[in-house]
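*Asks:* I'd like to go over a predicted model; first the sequence, then the structure.
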Amino acid sequence: MREYIREKRKVIDEFLTQYLENEVTEMVREQPWGSDVLSRLREFAGRGKMIRGALVYLGASLYGVSDDSHSITPVAASMELLQSFLLIHDDIMDEDEVRRGSPAVFAQYRQLGSEMRARNAQRFGESMAICAGDVAVFLATRLIAGAAGVEPNRRIRLVSLVSEEIARVGLAQMDDIYQGTVDHAVTADDVLALYRYKTGRYTFSLPLMAGATIAGASESDQERIGRIGEALGIIFQIKDDELELFGDESTIGKPVGSDISEDKKTLHRMFLFQESAQDDESSREIRRLFGRPGIDAREVERVRELMVRTGVTERVAEVVDRFAQECRDLISALQGVEDKEPLEHLLAFNLERVV
């Protein structure tokens, strides 16, 4: 699966370069910030793994359409522009200064604002990045609407599908903000719902369903693929949380421990609070660390130690196993797909994911 994603990434990257550098010319000519935004979007998207774009090809191949770049590639590229839009805005909300190993887009514009002696460089940077993200989402929509290789009715379905799923992400992001800023208890169902709609569906369900749509799969088949995507996406997000806690900056592309300082309501956090509730000293220590800006490497290591010692990592692994089995059952029951092996490989990729 890694090799498959790398191969598709090259195709998508070349298409995005062509699209942003050569095809979106009218906007560049008319608007003073056009070339600046397109350049930053090109560089930002180009540093991504492009998993979502690759999954459009996979979704189409499940229903008999393979390597048709004329119809698939524009839609695959749109997934990466949507990802750029979401990440650019997410970094502003989370105040994450680094993304994919480089300054976040708002931090880039803040630096530009400082160099230009803007009255409020921070506000300038955030405002400009919001606009850049907005440009990305509408360029993505433009790509889908103009995908000449896709039958017109299917293009309409794609635009509707993307609109619905990204709206769900927006609502889930609001819930994420609420959970991160209000001190209240969360349940496993709360956390899993956030994983499902903030990450799972747009990362896996949306591109797989988009590919199936291009190939002419029925809406019922698309929904079945969507349910598989949800299970895959939940596993993906849990692994992402794990990497954020136990990885290093060189592999995750941003500072380790940001989920702790932002008090993100992850499964790891929820289980840790539960397991430490009977130990007053540990409970006080944990409450002191979560939600405190500027947590250092020593404190991150302390949280890691507590996660392991209290059995949190084992409990999280059990949740992953449950969703992995759910995914296997859904794949097994999937009708209308002769070769299910790519989905099995995708599940294995998620379970083995280390970067």
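*Replies:* Perfect, I can see it now. Residues are numbered from 1 along each chain as shown.
*Asks:* Mind listing what's buried along stretch 207-225?
*Replies:* Neighbour counts over stretch 207-225 (16 or more other CB atoms under 10 Å) mark 207-215, 217, 221-222, 224-225 as buried. To be clear about C-beta, it is placed using only N, CA and C from the backbone, and glycine gets the same treatment.
*Asks:* Name the surrounding residues that touch that stretch.
*Replies:* Applying CB atoms under 8 Å, 6 or more residues apart in numbering, the set of residues contacting stretch 207-225 from outside is 52-65, 68, 71-72, 75-76, 79, 150-151, 154, 157-158, 161-162, 205, 226, 228-229, 330, 334-336.
*Asks:* from these, which would you call buried?
*Replies:* 52-63, 65, 71-72, 75-76, 79, 150, 154, 157-158, 161-162, 205, 226, 228-229, 330, 334.
*Asks:* what about the closest residue to Lys239 other than its chain neighbours, neighbour count?
*Replies:* Nearest residue to Lys239, sequence neighbours excluded (CB to CB, 6 or more residues apart in numbering): Arg353, at 4.9 Å. As a burial measure, Arg353 scores 16 neighbours (other CB atoms under 10 Å).
*Asks:* and Arg353, what pLDDT?
*Replies:* You'll see Arg353 listed with a pLDDT of 78.
*Asks:* Now for it: which residues touch it?
*Replies:* Per CB under 8 Å, 6+ apart, neighbours of Arg353: 236, 239, 243.
*Asks:* what kind of secondary structure is it in?
*Replies:* Judged by DSSP: H, G, I helix; E, B strand; the rest coil, the three-state class of Arg353 is coil.
*Asks:* Please apply the same query to Gln335.
*Replies:* Quick answer, by three-state DSSP: Gln335 is coil.
*Asks:* so what's it up against?
*Replies:* 221, 224.
*Asks:* Helix or strand, whichever it is, which one in the protein has the lowest mean pLDDT?
*Replies:* Between all helices and strands in the chain, the lowest mean by mean pLDDT, DSSP states H and E belongs to helix 249-252, at a mean of 66.
*Asks:* next structured bit after that helix?
*Replies:* Later in the chain than helix 249-252, the nearest helix or strand by DSSP states H and E is helix 258-261.
*Asks:* what residues does that next one touch?
*Replies:* Applying CB under 8 Å, 6+ apart, the set of residues contacting helix 258-261 is 94, 96, 241, 244-245, 266, 269, 289-295, 299-300, 303.
*Asks:* Filter the residues you listed down to the ones in helices?
*Replies:* Using DSSP state H to define helices, the subset of those located there is 94, 241, 244-245, 269, 289, 299-300, 303.
*Asks:* out of those, which are buried?
*Replies:* Here, 16+ other CB under 10 Å leaves 94, 241, 244-245, 269, 289, 299-300, 303 buried among the ones in helices among the contacts of helix 258-261.
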